[in-house]
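> this one's structure only:
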C-alpha cells in the first residue's frame, strides 16, 4: 500500500519490547536505527535465520549496486524514491506502473535507470533484484507471488495482508521461494521510536505498566481506501497498524483487546474512521490506543507515553522529540533526520539482501501486528474482548 496516504491522521508520524527485569520479553525485532548493539541492549536476541535464507538469496548481486524497482507509483512511493536516492551508488533505482508514462515520469524525476509499463516486466528484468511494493492491500499477496516466481526480494508496504490467513499464505510463498521479505513498518526504524526502544531495553523506566498512544487528526479517505474489500477494513488496518506496532514495541505481546468505534463521519468510507482500543499485554500491563482520521481541529502536536514503575517516556506523534522522566535520569531529545525512518528501513533491506540474511525486523512480527488488528475488528463486531491468538 502507499502508506503515506494514511501514515497517520496528522500527515506524518514515525519499533515489542518492554524491559521487565530481570528477564525482558523478546522485542519485535532489531532495528538498524538502534544506537546500541544487540549485546549491549540486553538479553533479547536477533531472530534466527530461516532455513530458506541460509543460502544466498536468489538474484542478489555479489558486487555492484542493488537493482531496486518501486512497484506502484502513488504518493508514498515518492517517499521511498527519495530514500533510495540517498543510498546511491549502492542502489540502481527503477519504477513500474500500469501506466508506462507514469513510470517514465518517476524515472526522470528521480534519475532512475529504467521504467516499466507493467509489474511483470519489472519482475522479469535481470537488472532488478528487488521490488519495493507500494500497491493496495488486496494486491500484496499477488505481488509477492510475482516476486517469488522470479526470485526477487520484496520490501512490502504495510500491512502485510488483509487477514491473518492471507498473511500466513504470503509468508509461506516467500519462504518457499527463499526470497527476502521485509514488511515496510517504518515506525520500527524511526529514530525517535528506535531510541525509545533502546531506553526501554535498558530498563530506563523499570517494569512497563501502562502504554497510552494517541494519534488523532482529520483526513478524508479517498479511492480504494474507502472500500473494505480492498483495504481489509478501515483506519486501523491502514494507518492504525503503525500504532499497533508501537503498542507491541513498548508493551510486548498483546493477549486480549477490546475495541469501540463511534458512527462514521465519512459516509463514502465503508470502514471505521476512529477506533479506541484497550489492550491487555501478556505481561499484565495495559495499553490504550486512540486513533482517528475524523477528529477535526486538533493540534498537530500529540504525545504517546509508556510508563513503568520507575518513570515515564514520551514521544510526540511526528517523531520529532523524546522526553524521558525517570528516577535519576531526565532527558529531552530532538530528531531532525530521517524522521519517517524510510532511509534506515531501506538501508537494512539492502544490507540484508547483499549479505544473504533475514531482515532485522522479521515479517512474522508484522503478522502479529495484523493479528491484533483483526482481533480488534472482531471485538468491534461482538462488543466483547477478543484473544489475539484467536484472530483470523
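That came through fine. Please read these numbers as outputs of a predicted model, since none were measured by experiment. Numbers count the residues shown, from 1 in each chain.
> Quick one: low-confidence residue ranges for the stretch 1-150 of the chain.
1-63 (pLDDT under 70).
> just the strands in it please.
Along the stretch 1-150 of the chain, counting by DSSP state E, counting those that start in this stretch, strands occupy 66-71, 91-96, 114-116, 130-133.
> Turn these into CSV, including mean neighbour count and distance to residue 311.
Bear in mind the C-beta positions are built from the backbone N, C-alpha and C, glycine included. Listed next are those as CSV, based on neighbours: other C-beta atoms under 10 Å; distance: least, C-beta to C-beta, whole Å:
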stretch, mean neighbour count, distance to residue 311
strand 66-71, 27, 41
strand 91-96, 25, 41
strand 114-116, 21, 52
strand 130-133, 26, 39
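> Turn the ones you listed into a markdown table, columns for distance to residue 321.
A markdown table is the format used below for these (distance: least, C-beta to C-beta, whole Å):
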| stretch | distance to residue 321 |
| --- | --- |
| strand 66-71 | 31 |
| strand 91-96 | 31 |
| strand 114-116 | 40 |
| strand 130-133 | 29 |
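> Let me see the contact set for residue 311.
204, 205, 206, 324, 325, 326, 327, 329 (C-beta atoms under 8 Å, 6 or more residues apart in numbering).
> Give me the buried subset of the residues you listed.
204, 205, 206, 324, 325, 326 (16 or more other C-beta atoms under 10 Å).
> out of those residues, which are inside strands?
If you go by DSSP state E, those have 324, 325, 326 in strands.
> mind putting the residues you listed in JSON lines, distance to residue 95 and pLDDT included?
Below are these laid out as JSON lines (distance: C-beta to C-beta, whole Å; pLDDT from 0 to 100):
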{"residue": "324", "distance to residue 95": "42", "pLDDT": "98"}
{"residue": "325", "distance to residue 95": "46", "pLDDT": "98"}
{"residue": "326", "distance to residue 95": "46", "pLDDT": "97"}
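> and which of these is nearest residue 342?
residue 324 (25.2 Å; C-beta to C-beta).
> who's in contact with the closest one?
199, 204, 205, 311, 312, 313, 330, 331, 332.
> if we go to 7 Å?
199, 204, 311, 313, 330, 331 (C-beta atoms under 7 Å, 6 or more residues apart in numbering).
> can I get those residues in a markdown table with distance to residue 293 and pLDDT?
What follows is the contacts of residue 324, written out as a markdown table (distance: C-beta to C-beta, whole Å; pLDDT from 0 to 100):
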| residue | distance to residue 293 | pLDDT |
| --- | --- | --- |
| 199 | 30 | 98 |
| 204 | 32 | 97 |
| 311 | 32 | 98 |
| 313 | 26 | 98 |
| 330 | 34 | 95 |
| 331 | 32 | 96 |
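> how about these, which pair is most distant?
Farthest pair in those (C-beta to C-beta) is 199 and 330. Separation: 12.0 Å.
> circling back to that earlier point, among the contacts of residue 324, which lie within helices?
Those of those mapping onto helices are residue 199, per DSSP state H.
> Pipe the contacts of residue 324 into CSV and attach distance to residue 172 per row.
Shown next, in CSV, are those (distance: C-beta to C-beta, whole Å):
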residue, distance to residue 172
199, 36
204, 39
311, 43
313, 37
330, 48
331, 44
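> Pick out whichever of the contacts of residue 324 sits closest to residue 384.
residue 313 (32.0 Å).
> hmm, back to that, Serialize the contacts of residue 311 to JSON lines and add fields for distance to residue 130.
Listed next are the contacts of residue 311 as JSON lines, based on distance: C-beta to C-beta, whole Å:
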{"residue": "204", "distance to residue 130": "36"}
{"residue": "205", "distance to residue 130": "38"}
{"residue": "206", "distance to residue 130": "41"}
{"residue": "324", "distance to residue 130": "37"}
{"residue": "325", "distance to residue 130": "42"}
{"residue": "326", "distance to residue 130": "41"}
{"residue": "327", "distance to residue 130": "46"}
{"residue": "329", "distance to residue 130": "41"}
